[in-house]
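Peer 1: fold the following and give me the result.
(2 chains)
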2 protein chains.
Amino acid sequence: MSECPTYGLMPVDTAIDILQQAGRKKLPIIEEVSLIAALGRVLAEDVFSAIDVPPQANSAMDGYAVNTADLLGDMPFSVSQRIAAGSQPVHLVQGTIARIFTGAVIPEGANAVVMQEDCQLLDDGRVKILDTVTEQENIRPQGQDIVCGQRILQQGERLNAAAIGLLATIGKPTVHVYRPLKVAFFSTGDELVEAGKPLTIGQIYNSNRSLIHSLLISMGFIAIDGGVIADNLPATLAAFKKASESADVIISTGGVSVGEEDHVKAAIQQCGEIDLWKIAIKPGKPLAFGRVGDVPFIGLPGNPQSVWVTFLVLARQFLINYQGQRHKLLPHAIPVKSSFSIKKAQNRREYLRVRLEATENGLTMTRHVNQSSGVLSSAVWADGLAIIEKGQIIAEGELLPFLSFSSFGVA
Amino acid sequence: MSECPTYGLMPVDTAIDILQQAGRKKLPIIEEVSLIAALGRVLAEDVFSAIDVPPQANSAMDGYAVNTADLLGDMPFSVSQRIAAGSQPVHLVQGTIARIFTGAVIPEGANAVVMQEDCQLLDDGRVKILDTVTEQENIRPQGQDIVCGQRILQQGERLNAAAIGLLATIGKPTVHVYRPLKVAFFSTGDELVEAGKPLTIGQIYNSNRSLIHSLLISMGFIAIDGGVIADNLPATLAAFKKASESADVIISTGGVSVGEEDHVKAAIQQCGEIDLWKIAIKPGKPLAFGRVGDVPFIGLPGNPQSVWVTFLVLARQFLINYQGQRHKLLPHAIPVKSSFSIKKAQNRREYLRVRLEATENGLTMTRHVNQSSGVLSSAVWADGLAIIEKGQIIAEGELLPFLSFSSFGVA
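Peer 2: The predicted structure is shown next:
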């Protein structure tokens, strides 16, 4: 059990630190995949370029390649060659110019490109240069963008579309990435019923199962659906043991409060270790962290709104580290004006579901009317989370840190 | 050709408007899929709840269900029943209390729940209530979150993990969504070589092909890779005609500038319609929009950095509308402090690749040193785009609109 300051609750940032550190203990298996298959994956190698980009000096414009030393007087020039992108030029004949297109290689003997708008094509095929041009003008030098031997991407970077495009730029056909984590997930609660079946009194539909499944898929993990665990110790123990044989991580929802009906703690104590945290977070608070055998385990609360927030703020930090990601780990909170006030301080950091709205006073955040609801209506309505610190009173118009859902990679 | 104000360039917002309007002309085919398969898809129906959530009043706490009328004096109470979540209670025996757990149905005859921390269990099994409780305290009333008949999601919403969780809450097993768009994409340019092959002089590796492919997959579209079109008219015409037989949209990169080597315009004029726009955007400027037969066509520039920006800012607006999305279409630009100054006004709106950095002066945006590079290094390095309006001079520390890459759904 880790430090629990004021009010006996663990600060959110302490929980994040512990989860990040724990996530760095082991790296997943490495596999080599094609570029397109690497989209969304975490790079397992530093990537160095084996070429200069551009590989030769080329033209930034459609126009004429010239030697500036020839550009004295206003005599028209003969066009001695035509260089399209992809073609191989010959040495520029002295006293002539070359027709050239964007991306085409600058011929030896030329040292500038005059854009075609600054040239006049005469009836006899010769060309008059209408404007002055300086050496190297409109030329992209060899290696301007990437120098041979340069590191273009680092181990631990998550590969988005731009990174895949960058890998393609240096002609890399395959790349080493970490195998996606296999995450087994369970829900607990005898009251849970699957969609499509009728409810009897006391039953509710299981929303956490679909929520966790969707969150895991959104983040690129392999989701192993362990279903609903019956509210008894042998079933709970058997389910966790079975999951630990195939999964890299186990996540459960519900079953980690202090009620007599919660068997998760007892089960995991028999086959691993479990800490029950009370975190200074709202919604959320109870979170379990431990292991089943050697497989890390995270126990989220049972309320779907709490699952949403604790998954994004806490569980995600463990998962992306454990996946091998080492860059851009924490989303940036951006200050945005609040359209609401808060008069009563809380003893937990609160993550309000808020929506961005363009008003005559600029961009503001509006909070969902029902922050206490268990269901996910506010999460669907909102664009992200506003952070209210413990003990904080908020005046309307005050700047508050805003974390967009998209910055967590799940919107 | 649409309006072209100052400098003969079309304002970016005009281009966005035209693309959005054009994207609303037709809706894709509807299909019914399971909830998990609906993740990331666009909803083709309004969804109404057929149940109240919660379906019955239930307990917000682990504790004891009581009738407040009985709570006079400090006599201990007998516990007449035990109600776990998922079980069906009987009417509360007058003068007794019921053990109850979070989420369990409130028995008839009870009107409040005393949390267990405010109760004392005596040796004889009876319970003393140590604190006062008011009517309805710690009870979640029936229908508090969702009322039967309420619309919980609208046609045209993109279904993220929270929306899938919300659909599960009302027990919906399947949902009607639009079939993902089939987007065929091409690159043009005889200089392009595929990864893994050696380069000869004048050749470069094809990065746009992987970039566009990755962008389309990131956004959930079905990407049809049409490869590289040879730089001649018959090949270009044949490729576009073939793509129009299976694709919903066609995208190309390169081939839409004014150079003699560009055959896209001529080809599409023979089998459809094409407008060549010069947009007041940097990077970017040339963009083609038209149709091949009845299939919408977007021609992006050839420079990968221009592809990245024009895809996010312009093409994406057409695509998400054409996919049927009608909500949260434009990402919100959030004002963030610039760590740089700009002394020379441009005649185009510029989208700078910037990175967010937490400094002692709060959150600032730093721009990538090489904004003019064609390669995607700056897009990989950056967190998003800072918008500099045409003619704008920027002082260090000024607030500039910031669009995160993640807000476009592609980070």
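Peer 1: which stretches of the stretch 51-200 of chain A form strands?
Peer 2: A:58-59, A:63-66, A:79-83, A:97-100, A:112-115, A:119-121, A:127-129, A:139-140, A:151-153, A:174-178, A:182-188, A:192-193 (DSSP state E, counting those that start in this stretch).
Peer 1: adjacent strands (with direction) for the longest strand along chain A?
Peer 2: Using DSSP state E, we find that the single longest strand of chain A is strand A:349-359. When pairing is defined by DSSP bridges, strand A:349-359 lines up against strand A:281-282 (parallel), strand A:362-367 (antiparallel), strand A:384-388 (antiparallel).
Peer 1: now tabulate those in TSV and tack on distance to residue A:343.
Peer 2: Where you see a C-beta, it was placed from the backbone N, CA and C, and this is true even at glycine. Listed next are these as TSV, based on distance: least, Cβ to Cβ, whole Å:
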stretch	distance to residue A:343
strand A:281-282	16
strand A:362-367	14
strand A:384-388	12
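Peer 1: as JSON lines, the ones you listed with mean pLDDT would be great.
Peer 2: Putting these into JSON lines (pLDDT from 0 to 100) gives the following:
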{"stretch": "strand A:281-282", "mean pLDDT": "96"}
{"stretch": "strand A:362-367", "mean pLDDT": "96"}
{"stretch": "strand A:384-388", "mean pLDDT": "97"}
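Peer 1: any chance of TSV for these, columns distance to residue B:93 and mean neighbour count?
Peer 2: Listed next are the strands paired with strand A:349-359 as TSV, based on distance: least, Cβ to Cβ, whole Å; neighbours: other Cβ atoms under 10 Å in any protein chain shown:
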stretch	distance to residue B:93	mean neighbour count
strand A:281-282	36	23
strand A:362-367	43	18
strand A:384-388	44	23
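Peer 1: before we move on, back to that, nearest to residue B:332, of the strands of the stretch 51-200 of chain A?
Peer 2: The closest of the strands of the stretch 51-200 of chain A to residue B:332 is strand A:151-153. By Cβ to Cβ, the value is 29.4 Å.
Peer 1: okay, domains of chain A per the record?
Peer 2: Domain assignment for chain A by automatic domain parsing gives A:6-28+A:180-322, A:32-50+A:150-178, A:58-140, A:334-408.
Peer 1: chain center to the first one, what's the gap?
Peer 2: Shown here is domain A:6-28+A:180-322, whose average C-alpha point lies 22 Å from the average C-alpha point of the whole chain (Cα atoms, centre = their mean, to the nearest Å).
Peer 1: to residue B:266, which of the domains of chain A lies closest?
Peer 2: Across those, closest to residue B:266 is domain A:58-140 (Cβ to Cβ), at 16.0 Å.
Peer 1: report the mean per-residue pLDDT for the closest one.
Peer 2: Mean pLDDT, domain A:58-140: 93.
Peer 1: can you give me the end-to-end distance of that domain?
Peer 2: 5 Å (Cα to Cα, to the nearest Å).
Peer 1: before we move on, what about stretch A:320-338?
Peer 2: Start-to-end, stretch A:320-338 (Cα to Cα) is 30 Å.
Peer 1: chain B contacts on the stretch 301-411 of chain A?
Peer 2: A:302, A:304, A:307-308, A:328, A:332-336, A:356, A:358, A:362-363, A:370, A:373-377, A:379-380, A:383, A:402, A:404-407, A:409-411 (Cβ under 8 Å from any Cβ of the partner chain).
Peer 1: filter these to the buried ones?
Peer 2: Among those, those buried by neighbour count (16 or more other Cβ atoms under 10 Å in any protein chain shown) are A:302, A:304, A:307-308, A:328, A:332-336, A:356, A:363, A:373-377, A:379-380, A:383, A:402, A:404-407, A:409-411.
Peer 1: against residue A:109, how distant is residue A:68?
Peer 2: Distance check for residue A:68 against residue A:109: by Cβ to Cβ, to the nearest Å, it reads 11 Å.
Peer 1: likewise for residue A:208?
Peer 2: According to Cβ to Cβ, residue A:208 and residue A:109 sit 71 Å apart.
Peer 1: check residue A:13 too.
Peer 2: Applying Cβ to Cβ, the value for residue A:13 to residue A:109 is 63 Å.
Peer 1: for residue A:325, same thing?
Peer 2: From residue A:325 to residue A:109 the distance is 50 Å (Cβ to Cβ).
Peer 1: go on, residue A:202?
Peer 2: Per Cβ to Cβ, residue A:202 is found 87 Å from residue A:109.
Peer 1: and if you look at residue A:358?
Peer 2: Using Cβ to Cβ, we find residue A:358 at a distance of 56 Å from residue A:109.
Peer 1: repeat for residue A:203
Peer 2: Applying Cβ to Cβ to residue A:203 and residue A:109 gives a distance of 83 Å.
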